[in-house]
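*Asks:* take a look and give me a structure for this.
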Amino acid sequence: MAPVTPLQATAVAPEAPRTLDRREGPYGEVVLRQRVGPPAAPGTDGSGTPAAPVIYEIIANGCFLMDTSDGRSERLLIDAALDALPAGRTRPSVLIGGLGVGFSLARAAQQPHWGRIVVVEREEAVIDWHRTGPLSAVSAAALADPRSEILHTDLVAHLRTDAGQDTYDALCLDIDNGPDWTVTEDNDSLYSPDGLAACRDRLTSGGVLAVWSAQPSPAFEDALRNAGFSGVHTEEIPVVRGVPDVVHLARKGA
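*Replies:* Modelled structure (predicted):
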């Protein structure tokens, strides 16, 4: 039997997540939690010892939504939409549906190509966590960008109100866990034929709809085609365990 090293002997289980804020709102309970992630590479804290990152989690009605451990797919949501736009389009506008932990907003603000950047978020608590709370570490620079605007409203209602009066070159939607798994029942309507028609009406000619999902959905690809979108395809981001995160992409006809 191999000897037990001091490190093995003193190893302890990770600390449980700590609740930083808990709010009750019109759509139920939303919680911000903090946990310590696995140690990073040795020396990253300047002392020669591994630095363990702080990770923030958003929980809605008892269901895990997202955290700050890995923002690759949220960044892909923005990158893929920009790449799918017709060539030569200058200063395109983008509407981001759901502020979340802020990765998509931060990515858009990092890119000089975008003109107007609008984020729709219905949870006042989430907006507060970004403006004055811990999530400002992700989004402070983006919120200070003069191109950025935060709208405190429900995305589904926003898309269906005065449709066509305020259009965007790209809609980047990250609502719940995607079209096949929504935490809030009302969000199902976003992925219905009427909801997709509202999205199409909010896009400029040739505009791109990008939808984040926690799993691939061939049925949603069919729904996009049935709603009149073209160029429907899916890009995947592998994850450590389980099915990949994906971004569904589709374009409004000219």
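
*Asks:* now the nearest residue to residue 221 once chain neighbours are set aside: which helix or strand?
*Replies:* Once flanking residues are discounted, residue 221 sits nearest to residue 232: 5.2 Å by Cβ to Cβ, 6 or more residues apart in numbering. The way it works is simple: take the backbone N, C-alpha and C, and place the C-beta from them, glycine included. Under the criterion of DSSP states H and E, residue 232 resides in strand 230-237.

*Asks:* can you give me the strands for the protein?
*Replies:* 18-25, 28-36, 54-60, 63-67, 94-97, 117-121, 148-152, 168-173, 203-213, 230-237, 245-251 (DSSP state E).

*Asks:* and residue 142, which of those is closest to it?
*Replies:* Taking Cβ to Cβ, strand 148-152 is the member of these nearest to residue 142, at 5.7 Å.

*Asks:* partner strands of the closest one, parallel or antiparallel?
*Replies:* strand 117-121 (parallel) (DSSP bridges).

*Asks:* please enumerate residues in contact with the strand it pairs with?
*Replies:* 93-99, 105, 108-109, 127, 142, 145, 147-155, 158, 168 (Cβ atoms under 8 Å, 6 or more residues apart in numbering).

*Asks:* and for stretch 65-83?
*Replies:* 37, 53, 55-59, 92, 94, 96, 100-101, 103-104, 107-108, 111, 113-114, 135, 138, 170-172, 174, 176-177, 183, 208, 210, 212, 235, 237, 239, 245-247, 249.

*Asks:* and the strand holding residue 232, what does it pack against?
*Replies:* Identification of packing neighbours for strand 230-237 by 3 or more Cβ pairs under 8 Å, 6 or more residues apart in numbering; DSSP states H and E yields helix 72-84, helix 218-226, strand 245-251.

*Asks:* which of these sits most buried?
*Replies:* Highest mean neighbour count among these (mean count of other Cβ atoms under 10 Å): strand 245-251, with a mean of 24.

*Asks:* who touches that strand?
*Replies:* Contacts for strand 245-251 (Cβ under 8 Å, 6+ apart): 72-73, 76-77, 80-81, 84, 178-179, 206-217, 220-221, 224-225, 229-237, 239.

*Asks:* where in the stretch 51-200 of the chain is pLDDT low?
*Replies:* Per-residue confidence for the stretch 51-200 of the chain (pLDDT under 70) gives these ranges: 51-52, 162-164, 181-185.

*Asks:* circling back to that earlier point, which of the helices and strands packed on strand 230-237 sits closest to residue 33?
*Replies:* helix 72-84 (18.3 Å).

*Asks:* and residue 111, how far from residue 221?
*Replies:* Residue 111 sits 26 Å away from residue 221, going by Cβ to Cβ, to the nearest Å.

*Asks:* span of stretch 235-254 from start to end?
*Replies:* Start-to-end span of stretch 235-254 (Cα to Cα, to the nearest Å) is 23 Å.

*Asks:* again with stretch 83-92
*Replies:* Length of stretch 83-92, first residue to last, Cα to Cα: 12 Å.

*Asks:* which positions within it qualify as buried?
*Replies:* For stretch 83-92, a neighbour-count test (16 or more other Cβ atoms under 10 Å) marks 84-85, 89, 92 as buried.

*Asks:* likewise for stretch 199-207?
*Replies:* Residues of stretch 199-207 classed as buried: 199-200, 202-204, 206-207 (neighbour count, 16+ other Cβ under 10 Å).

*Asks:* in JSON lines, list those along with distance to residue 119.
*Replies:* Output for the buried residues of stretch 199-207, formatted as JSON lines (distance: Cβ to Cβ, whole Å):
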{"residue": "199", "distance to residue 119": "16"}
{"residue": "200", "distance to residue 119": "20"}
{"residue": "202", "distance to residue 119": "14"}
{"residue": "203", "distance to residue 119": "17"}
{"residue": "204", "distance to residue 119": "18"}
{"residue": "206", "distance to residue 119": "23"}
{"residue": "207", "distance to residue 119": "17"}
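
*Asks:* residues contacting the nearest residue to residue 62 once chain neighbours are set aside?
*Replies:* Closest residue to residue 62 apart from its sequence neighbours, by Cβ to Cβ, 6+ apart: residue 29 at 7.3 Å. For residue 29, the contact set (Cβ under 8 Å, 6+ apart) comprises 22-23, 60-62.
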